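**Student:** curious how this folds, go ahead:
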Amino acid sequence: MKVVILAGGFGTRISEESHLKPKPMIEIGEKPILWHIMKMYSHYGFNEFVVCCGYKQHVIKEWFADYYLHNSNITFDFTQENKMIVHNNTLEPWKVTLVDTGLYTMTGGRIKRVREYLDGDTFMLTYGDGVADVNIKELLDYHRSHGKMATITAAQPGGRFGILDICEDGTITNFKEKKKEDGGWINAGFMVLEPEIMDLIEGDSTVFEKEPLVEAARSGQLNAYRHKGFWQCMDTLREKNYLEELWQKGNAPWKVWE
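**Tutor:** Next comes the predicted model:
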């Protein structure tokens, strides 16, 4: 089963780094967050990826083109016509298709543009800027159990701001951090989709999270896989630094691989 990763947006809310590279290429632990997402799927045996590129797509393509060189020990023998000797092979068991889905294409349009690479099969979809400790095998089993068109992983990220208990005269009687249980469920990505979802996508201007998913919900074809573990997107520099801190401390919940 192929995994589609949305990696074409501008990443304007983390412009401190995205002015140089696409957001999925921003590094956590000296590896792009895109690599972390792919390692997670690969851990569960999903090794075929279709990456929807757009903004600064050349950065993504060049990184994968050089991945072999950057992760192997190599001897360049200039005495033998620049012969290159690779001493070890640390490549991933991946097949990666990088598709130019347009600079201004919306999420739905990007998905439809890679339709030809999915062979009309069930596929997975996620965003190129979020990590989690979602059990992908259980997610797929759940999707197959209900037989509907689409499954999205739902998470309760908690609020970004504290909650204030305020009296009528303005006195604050309590300040507390918002707990996960206090917040609503949100779309955390990590979706499983049947090919029929493509019929709900009109074209490049279609936002996948609006018309297609709303229509699927209206027709009773959308189910939620409730994930109560770790999930974190990387929308801002603060969130990027948080993920980096977890990684550096050896406490990254999304690192399910060895």
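**Student:** now residue 67. Nearest residue, chain neighbours left out?
**Tutor:** residue 91 (7.4 Å; Cβ to Cβ, 6 or more residues apart in numbering). The C-beta positions use only the backbone N, C-alpha and C, and glycine is treated the same way.
**Student:** just residue 195 next, same as before
**Tutor:** The spatial neighbour of residue 195 that comes closest, neighbours along the chain excluded (Cβ to Cβ, 6+ apart), is residue 120 at 5.1 Å.
**Student:** on that earlier part again, could I get the contacting residues of the residue nearest to residue 67?
**Tutor:** 67-68, 71-72 (Cβ atoms under 8 Å, 6 or more residues apart in numbering).
**Student:** with residue 86 instead?
**Tutor:** Applying Cβ under 8 Å, 6+ apart to residue 86 gives the contacts 68, 72-74.
**Student:** same thing but 10 Å
**Tutor:** Applying Cβ atoms under 10 Å, 6 or more residues apart in numbering to residue 86 gives the contacts 68-69, 72-75.
**Student:** equivalent analysis for residue 96, please.
**Tutor:** Residue 96 is in contact with 3, 5, 34, 38, 47-51, 60-61, 64, 67, counting by Cβ under 10 Å, 6+ apart.
**Student:** doesn't it lie inside a helix?
**Tutor:** No - counting by DSSP: H, G, I helix; E, B strand; the rest coil, residue 96 is not part of a helix but strand.
**Student:** check which residues of the longest helix belonging to the chain are buried.
**Tutor:** Using DSSP state H to define each element, the chain has its longest helix at helix 57-70. Judged by neighbour count (16 or more other Cβ atoms under 10 Å), helix 57-70 contains these buried residues: 57, 60, 63, 67.
**Student:** cool, stretch 121-131 as well?
**Tutor:** 122-131.
**Student:** which of those fall within strands?
**Tutor:** Among those, the members found in strands (DSSP state E) are 123-127, 130-131.
**Student:** keeping just the C-alphas, turn the longest helix of the chain into PDB.
**Tutor:** Only the C-alpha atoms of helix 57-70 are listed here, as PDB (Å, rounded to 0.1, in the frame of the first residue of the first chain):
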ATOM      1  CA  GLN A  57      10.400  21.100  -4.900                       C
ATOM      2  CA  HIS A  58      14.000  21.000  -6.100                       C
ATOM      3  CA  VAL A  59      15.200  20.900  -2.500                       C
ATOM      4  CA  ILE A  60      13.200  17.700  -1.800                       C
ATOM      5  CA  LYS A  61      14.400  16.100  -5.100                       C
ATOM      6  CA  GLU A  62      18.000  16.900  -4.500                       C
ATOM      7  CA  TRP A  63      18.000  15.600  -1.000                       C
ATOM      8  CA  PHE A  64      16.700  12.200  -2.100                       C
ATOM      9  CA  ALA A  65      19.100  12.200  -5.000                       C
ATOM     10  CA  ASP A  66      22.000  12.600  -2.600                       C
ATOM     11  CA  TYR A  67      20.600  10.400   0.200                       C
ATOM     12  CA  TYR A  68      22.700   7.400  -0.900                       C
ATOM     13  CA  LEU A  69      26.000   9.400  -0.800                       C
ATOM     14  CA  HIS A  70      25.200  11.200   2.400                       C
END
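**Student:** C-terminal to that helix, what's the next element?
**Tutor:** Using DSSP states H and E, the next helix or strand after helix 57-70 towards the C-terminus is strand 74-77.
**Student:** distance from the chain centre to that following strand, please.
**Tutor:** Distance of strand 74-77 from the chain centroid (Cα atoms, centre = their mean, to the nearest Å) equals 36 Å.
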